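Colleague: Structure for this input, please:
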Amino acid sequence: MGDYVGCKHDPFLHYCVLNVNVSLNPNVPSVQTVIGECVPRSCHSSELRDSIPVPAFLLLATSGAELIDVKCKNEEDEYVFGGGSIVTVILWSIMVCLVIIGTYLGNRDKFWKMFLTSNVQPSVKKEKDGEEENSPLLGGYSSERKKHAILDDDFWVSFWNCFSVIQNFPRLLVPIPGNFGVLNGIRVLSMLWVILGHAYVFRLSTFQNVTYVLPDLLYERWTFQLILNATYSVDTFFLLSGFLVGYFLLKDVQKKAVAGVSWGLFYMHRFLRILPLYVFALLFFIYVSPFLGDGPLWRAYQDSIDAQKSACWTNILFLNNFLEVSKGCMNWTWFLANDMQFYVVAPIFIIFFAWKRQLGWAFLLLVTAICLAIRLFLVIHYDLGTTVQNTQPDWFPKLYIKPYARAPAFLAGIALAVVYTDLTKGETRRVILQPFFVVVNMVGAFILMLALLFSTYHDDDWDEAANDAWQTLTRFAWSVSVAHLTLFFMLGYGGIIRDFLSMRLWEPLARLTYGMVHLVIISVYLASDPVRLYYRDISIVIEFMGYAALSYAVSLFTWLFVEKPFMNLEALLLSSFSAKKRN
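Modeller: The predicted structure is shown next:
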């Protein structure tokens, strides 16, 4: 209700948003939604709480809605582009300039050929023994100078190449060695599943007919379980992370022994790999995104960001998954916090496996059992439901984002790494297995995954024991099933499905997964929406496709301008100091 655009341009009116909880069906959880009203500028938020406008009052009365809060947009409340925003813009501008300069210097000959009609090459002219000598702009160093220089000309050539788009973009397309190509397809499809789930969850509360369509989605459409259970995709990511860390670390430990591994570099590499883009994205979200739009919900979006600023330091330390959700910063980055915490403790398991396989398995199974016991305790203690529609408010902060409740998926990845290493003896070769054994195991794993996805349809009549067992074991069962299929795919089995997941198409998209910022895009888009739409399936599908395409486009930009340059710089610095140490 209320025309936001017309209200905004009327000097005597302003737009107010009423946040309400609405539920027409006692079997369906209440949904927080908003009611917009255009009221005289003399009306303030506190007055509207006591005297609700007639249209909004009628809606509240007929829907059984509960008023939570009222916020009005006033000119004096305009968001200020402050020091943090300026610093953020400067930092991003510096990265853009470095990339432009690096791209030019690393490919200056091509640029000159492009813009000059002759074949003149840019060079520095020097006289030597009466003859003219040409040398490149970034070359021309002597062996003596290279010997005594801390950072020689070779270093600076490589430094600027770190930022070159022309140098970096082809690396996006380099195939992954070995039999790991199937992981690309799994990663990309899981990411698309995440975006689809968020597209539904974030959009539903903004539809005008949400209270009527929600019962149909939750209880009449069995296919909607694919949306409600999209959270399994996160367990898949934890599984893949555990496998990759476990496989390469186990290979390194077996080759060099525990004492021969540079554990300092192991942890430093992880922080340098994650933090640069994480910090740039965090700064952009906090200090720039509040200025990217305008709409009925935009002030609420700005207020939510203001409330997050004081907690952002926990993100840098990867501890934000231990904060209350209402006090967290970029709450969806809880995954990175968990993943980093798992990475920190992963060497313990690998050392046990490298020492003695039986000891490693015993330790891994013990920790897995402890984590599952903790999940069971949390489910019983907080009386948590089975799926999203039946869960209590404590489900997300107390169970969903906690490392001790999500660790079994990561541990399943480590187990997969050990099994794969032992079967292949550390080589990328095909292991011959009985066809019947392969088919039975792969079909069994696939059936279990389908059961996990769809058995929650009409789960409101489950007894307490079934509910507790489900919440305790379901994510671990999903991880084991995916690990089972992945193992056979990497061993060369799976036929057309394996070929599909191993397509070269997935490789660049998989490398862009870390830089995905789809939740920022969704939040900005919905907060800027001037009108509330009616729910239609096609509307969600179109928005999902737009979110996915735009997210990958933004991720490509951040990969070329932040992520990949910092990866190159890390490799350059390590190689330079290693070379100096040898000399």
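
Colleague: low pLDDT regions in the stretch 51-200 of the chain?
Modeller: For the stretch 51-200 of the chain, applying pLDDT under 70 flags the ranges 51-65, 74-77, 108-153.

Colleague: Which stretches in it count as strands?
Modeller: 66-72, 124-128, 131-135 (DSSP state E, counting those that start in this stretch).

Colleague: Report all helices and strands that the host helix or strand of Phe352 contacts.
Modeller: Under the criterion DSSP states H and E, the helix or strand holding Phe352 is helix 334-355. Contacts defined by 3 or more C-beta pairs under 8 Å, 6 or more residues apart in numbering; DSSP states H and E place helix 334-355 against helix 232-256, helix 263-287, helix 357-382, helix 403-424. C-betas here are computed from N, CA, C, even on glycine.

Colleague: The longest one vs helix 334-355, what angle?
Modeller: What that stands for is helix 357-382. Here helix 357-382 runs at an angle of 150 degrees relative to helix 334-355 (axes from the mean of the first three to the mean of the last three C-alpha atoms, to 10 degrees).

Colleague: mind listing what's buried in helix 357-382?
Modeller: For helix 357-382, the neighbour count (16 or more other C-beta atoms under 10 Å) marks 360, 364, 367-368, 371-372, 374-375, 378-379, 382 as buried.

Colleague: Output these as CSV; include the columns distance to Phe169.
Modeller: As requested, the buried residues of helix 357-382 are exported to CSV (distance: C-beta to C-beta, whole Å):
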residue, distance to Phe169
Gly360, 41
Leu364, 40
Val367, 42
Thr368, 41
Cys371, 41
Leu372, 44
Ile374, 45
Arg375, 43
Leu378, 46
Val379, 47
Tyr382, 48
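
Colleague: Out of the helices and strands packed on helix 334-355, which one sits most buried?
Modeller: Mean neighbour count (mean count of other C-beta atoms under 10 Å) peaks for helix 403-424 among these, with a mean of 22.

Colleague: Now find how far off-centre it is within its chain.
Modeller: Offset of helix 403-424 from its chain centre (C-alpha atoms, centre = their mean, to the nearest Å): 21 Å.

Colleague: Could you export it as PDB, CA atoms only?
Modeller: This file holds the C-alpha atoms of helix 403-424, laid out as PDB (Å, rounded to 0.1, in the frame of the first residue of the first chain):
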ATOM      1  CA  PRO A 403      31.400 -25.900  13.900                       C
ATOM      2  CA  TYR A 404      30.800 -28.800  16.300                       C
ATOM      3  CA  ALA A 405      27.500 -29.400  14.700                       C
ATOM      4  CA  ARG A 406      28.800 -29.200  11.100                       C
ATOM      5  CA  ALA A 407      32.100 -30.900  11.400                       C
ATOM      6  CA  PRO A 408      30.900 -34.400  10.400                       C
ATOM      7  CA  ALA A 409      30.600 -33.300   6.700                       C
ATOM      8  CA  PHE A 410      34.200 -32.000   6.800                       C
ATOM      9  CA  LEU A 411      35.400 -35.200   8.500                       C
ATOM     10  CA  ALA A 412      33.700 -37.200   5.800                       C
ATOM     11  CA  GLY A 413      35.800 -35.300   3.300                       C
ATOM     12  CA  ILE A 414      39.000 -36.200   5.100                       C
ATOM     13  CA  ALA A 415      37.900 -39.900   5.100                       C
ATOM     14  CA  LEU A 416      37.200 -39.700   1.400                       C
ATOM     15  CA  ALA A 417      40.700 -38.300   0.900                       C
ATOM     16  CA  VAL A 418      42.300 -41.200   2.800                       C
ATOM     17  CA  VAL A 419      40.300 -43.900   1.000                       C
ATOM     18  CA  TYR A 420      41.000 -42.300  -2.400                       C
ATOM     19  CA  THR A 421      44.800 -42.100  -1.600                       C
ATOM     20  CA  ASP A 422      45.000 -45.700  -0.500                       C
ATOM     21  CA  LEU A 423      43.100 -47.000  -3.500                       C
ATOM     22  CA  THR A 424      45.100 -45.100  -6.100                       C
END
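
Colleague: Next SSE downstream of it?
Modeller: Following helix 403-424 in sequence, per DSSP H and E, is helix 435-454.

Colleague: For the next helix or strand after that next one, name the packing helices and strands.
Modeller: With elements assigned by DSSP H and E, the helix or strand that comes after helix 435-454 is helix 464-490. Here helix 464-490 touches helix 181-204, helix 232-256, helix 357-382, helix 403-424, helix 435-454, helix 495-501, going by 3+ C-beta pairs under 8 Å, 6+ apart.

Colleague: residue ranges with poor pLDDT in the stretch 251-400 of the chain?
Modeller: For the stretch 251-400 of the chain, the ranges with pLDDT under 70 are 386-392.

Colleague: Recalculate using a threshold of 80.
Modeller: By pLDDT under 80, the low-scoring segments of the stretch 251-400 of the chain are 259, 325-326, 385-393.

Colleague: To Val531, which of the helices and strands packed on helix 334-355 lies closest?
Modeller: helix 263-287 (25.5 Å; C-beta to C-beta).

Colleague: moving C-terminal of that closest one, what's the next helix or strand?
Modeller: Later in the chain than helix 263-287, the nearest helix or strand by DSSP H and E is helix 298-308.

Colleague: Same question for that following helix: list its buried residues.
Modeller: Within helix 298-308, the residues scored as buried using 16+ other C-beta under 10 Å are 298-302, 305, 308.

Colleague: For it, report the contacting residues that lie outside it.
Modeller: For helix 298-308, the external contacting residues (C-beta atoms under 8 Å, 6 or more residues apart in numbering) are 17, 19, 71, 73, 77, 79, 285-286, 289-290, 293, 326-330, 523-524, 527-528.

Colleague: Kindly recompute the last result at 7 Å.
Modeller: Helix 298-308 has contacts (C-beta atoms under 7 Å, 6 or more residues apart in numbering) with 17, 71, 73, 77, 79, 286, 290, 328-330, 523, 527-528.

Colleague: wait, Leu491 sits on Val431?
Modeller: Yes - Leu491 lies in contact with Val431 (C-beta atoms under 7 Å); the separation is 4.9 Å.

Colleague: Ser42 in helix, strand or coil?
Modeller: When classified by DSSP: H, G, I helix; E, B strand; the rest coil, Ser42 comes out as coil.

Colleague: which ones are touching it?
Modeller: Here Ser42 is in contact with no residues (criterion: C-beta under 7 Å, 6+ apart).

Colleague: Where does the prediction get shaky in the stretch 451-583 of the chain?
Modeller: Along the stretch 451-583 of the chain, the model assigns pLDDT under 80 to residues 458-461, 531-533, 576-583.

Colleague: export the helices and strands packed on helix 334-355 to CSV and tack on distance to Ile447?
Modeller: Shown next, in CSV, are those (distance: least, C-beta to C-beta, whole Å):
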stretch, distance to Ile447
helix 232-256, 15
helix 263-287, 36
helix 357-382, 22
helix 403-424, 18
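
Colleague: now for these, which one comes closest to Gly515?
Modeller: helix 263-287 (6.0 Å).

Colleague: Which neighbouring elements make contact with the closest one?
Modeller: helix 83-106, helix 312-316, helix 334-355, helix 564-582 (3 or more C-beta pairs under 7 Å, 6 or more residues apart in numbering; DSSP states H and E).

Colleague: Can you say which of these is packed in most?
Modeller: With neighbours defined as mean count of other C-beta under 10 Å, the helices and strands packed on helix 263-287 peak in mean count at helix 334-355, which reaches a mean of 20.

Colleague: From the rest of the structure, what touches it?
Modeller: Outside helix 334-355, the residues within contact range by C-beta under 7 Å, 6+ apart are 234, 241-242, 245-246, 249-250, 253-254, 258, 263, 270, 274, 278, 318-321, 359-360, 363-364, 401, 403, 406-407, 410, 414, 418.
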